Each structure stands twice: as C-alpha cells, then as structure tokens.
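J.: Provide a 3D model corresponding to the input given below.
(one chain, ligands or ions: 2)
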Amino acid sequence: MQTTGPVAVLERATVRYGSTAALESLTLEIRRGEILGVVGESGAGKSTLLNLLDAATHPTSGHVRILGTDPTVLSGRETRRLRHRIGMVFQSFNLLANRTAQQNVALPLRLQRRKDPALVAELLDYVGLADRADSYPAQLSGGQQQRVAIARALVTRPDLLLADEPTSSLDTRATEDVLELLAGTRRDFDTTVVLVTHELESVGAICDRAAVLERGVLRRVLPVARSAARDERDSYLAHVERVLGA
Ligand SMILES: Nc1ncnc2c1ncn2[C@@H]1O[C@H](COP(=O)(O)OP(=O)(O)OP(=O)(O)O)[C@@H](O)[C@H]1O
Ligand SMILES: [Mg+2]
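T.: Ligands and ions are numbered 1, 2, ... in the order given. Predicted coordinates for the structure are as follows:
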C-alpha cells in the first residue's frame, strides 16, 4: 500500500457526456493529509471530479492515479478493493432508512465480510452519538444523520474521504459540527479530505487549499488563509448578531 506521495493525481483529465465536457483537461494533485476544498457553481463539474476520485467514472481522455494506482486498468475486484479505501459523504446522507445508526455504520464492514461491534461503537462515540446507536435515521436530526454517515465513511479507516456538499442541507450549528468532524478526521485518522461545497465560509474554516471550477475548467487552486480558530463556538444568538452585524 502506497503511504507517501500524493493521494491522487489527475493529468489533463477530461470527462465527456456526449457533447458536454463535464471536466476539461483537469490537472491537479491532491496532497496527502490535506483538506482540499472544491468550489464552483452548479454544473461546474464538482461531483464529476469526486466520481473520478472514487473510480466510479473513468476519464474520457487524460490520466488519473488514485492511491498509487491507475483505476482504468483494474479488475472489478481490484476496483472494489480500491474503493474500500475511499469514504464518501453526501448532501442527502444516503443512510438506509430501515437500519439503525449502528447497522448503518457497520455496513461497509459487512461488505468486506468483517464484523467488529467494538469498532462500530467507537466510531459512533467519535461522532458523539454513542447514545443513539439504536435509533433509525428518521428519529435523528439532519445533523445527527450526517454524523452517522461520517462514522460509516470512517469505519474502514479510508485514506481518502470525499464529501459532496455534506453541509448544504444543515443549519449553522450542525454545519459547524460536521466541519469540526471533517477537520478532526485528518488529525485522528490520517485521512485526506476533499470537500465539495457552495459555502465559501466552510472552505475558510477547514480547508488548506481551494480548487475553483468553472464550467468544467479548473481555474485556479488557491491557498486558504485560515480564519482564526474560535476557542468557544458562538451561541446561536451570537452567531445571528455577528452575521446581521447587530
Ligand atoms: N451521468 C451524466 N450524464 C450526462 N451528463 C452529466 C452526467 N453527470 C454530470 N453531467 C453533466 O456534467 C456537468 C457537470 O456536472 P456535475 O454534477 O459534476 O456538476 P456539479 O458541479 O456537481 O453541480 P451541482 O453543484 O449542481 O451538484 C453538468 O453539465 C451535468 O449536466
Ligand atoms: Mg454536484
């Protein structure tokens, strides 16, 4: 298993759907241990980029290396093994409604024919939901559901975590919780994170760099001047006052 060098390298990667280029000649390195923000308007190609990084989509032309391998030459089994090293989190959580939090977190292990209740419990505790292990998704708030989804993504200790607008349907407090977890992921799991988002504030809060996509073209990769860390999180009132300038 490759443990040094970039986590992923894209070289002039183009993805076409018919006559549309969802991504056009994209060259980008994802550095080990970084949190890379990906921003762009709707249709800019953000999800397509994540699909490339997850080996769910192959480039129409150009080259991609993920965790040291070229996904286009892998067998189905090798592709599944590669994808086990990559975690995914989505805007809509994508939890199984008829499974408890605990069962949802255990799912990736089951797919690998593993069983490890202690590890599942540890991950639920990590995301602050030890006491909700037996709750079904419908019994949890959006923020709690996303935390379950993060625990599920981390239970296999992935090298790379891909998050596609994970906070877009959450309120401010739940967004902060999720961002804090994503930032902690690097520290506690050595996971590299790619965060797709519309919210520039989120990029400023946790990302090291920001890749700016415009209509399938990578316009620039900017270093992020990290906003000063807050020791204590705002109360909801303090947040409203700050945003409204009251
Ligand atoms: N499976 C597909 N088949 C056809 N066209 C697609 C497919 N996936 C994406 N596209 C097109 O590729 C372009 C980029 O789509 P993509 O989903 O990557 O954008 P996005 O930046 O994630 O947008 P959003 O912010 O709305 O999620 C769009 O024009 C989209 O219509
Ligand atoms: Mg998208």
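J.: measure the most centrally placed residue in the chain to ligand 2 for me?
T.: Geometric centre of the chain, nearest residue: residue 163, 2.1 Å, by CA atoms, centre = their mean. Per CB to the ion, to the nearest Å, residue 163 is found 11 Å from ligand 2. Where C-beta positions appear, they are placed from N, C-alpha and C, glycine not excepted.
J.: And for residue 59?
T.: Residue 59 is 18 Å from ligand 2, by CB to the ion.
J.: residues near that residue, how many?
T.: Residues lying near residue 59 (other CB atoms under 10 Å) number 20.
J.: returning to what we had before: my guess is the residue nearest to the centre of the chain is in a helix, correct?
T.: No. According to DSSP: H, G, I helix; E, B strand; the rest coil, residue 163 belongs to no helix; its state is strand.
J.: Would you check that it makes contact with residue 192?
T.: No. Assessed by CB atoms under 8 Å, residue 163 is found out of contact with residue 192, at 11.5 Å.
J.: Can you name the residues of this protein that neighbour ligand 1?
T.: Neighbours of ligand 1 within the chain, by CB under 6 Å from any ligand atom: 17, 20, 22, 40, 42-48.
J.: if you set the cut-off to 5 Å instead, what comes out?
T.: 17, 22, 42-48 (CB under 5 Å from any ligand atom).
J.: beta partners of the nearest residue to residue 222 once chain neighbours are set aside?
T.: Counting by CB to CB, 6 or more residues apart in numbering, residue 222 lies nearest to residue 210, which is 4.8 Å off, once chain neighbours are set aside. Under the criterion DSSP bridges, residue 210 forms beta bridges with residue 37, residue 222.
J.: so what secondary structure elements neighbour the lengthiest helix in the chain?
T.: Longest helix in the chain, counting residues (DSSP state H): helix 172-189. Secondary-structure packing of helix 172-189 (3 or more CB pairs under 8 Å, 6 or more residues apart in numbering; DSSP states H and E): strand 35-39, helix 142-154, strand 160-164, strand 192-196, helix 200-206, helix 236-244.
J.: mean confidence score for the last one?
T.: This means helix 236-244. Averaging pLDDT along helix 236-244 yields 68.
J.: One more: the longest one?
T.: What helix 142-154 shows for mean pLDDT is 98.
J.: Same check on the fifth one?
T.: Per-residue pLDDT values over helix 200-206 give a mean of 91.
J.: which parts of it are buried?
T.: Neighbour-count burial for helix 200-206, counted by 16 or more other CB atoms under 10 Å, picks out 202-203, 205-206.
J.: ok, back up a step: the residues of the chain next to ligand 1 also near ligand 2: which ones?
T.: 46-47 (CB under 5 Å from the ion).
J.: Out of the residues of the chain next to ligand 1, which end up buried?
T.: If you count burial by 16+ other CB under 10 Å, the buried members of those come out as 22, 44-48.
J.: Of these, just say which sits nearest to ligand 2.
T.: residue 47 (3.2 Å; CB to the ion).
J.: Pretty sure the closest one sits against residue 194.
T.: No. Using CB under 8 Å, residue 47 is not in contact with residue 194, being 11.3 Å away.
J.: need the helix or strand of this structure with the lowest average pLDDT.
T.: Lowest mean confidence among the helices and strands of the chain (mean pLDDT, DSSP states H and E): helix 236-244, at a mean of 68.
J.: circling back: and of the helices and strands packed on helix 172-189, who's closest to residue 54?
T.: strand 160-164 (5.9 Å; CB to CB).
J.: For the closest one, which helices and strands make contact with it?
T.: On a contact count with 3+ CB pairs under 8 Å, 6+ apart, strand 160-164 meets helix 46-53, strand 86-90, helix 172-189, strand 192-196.
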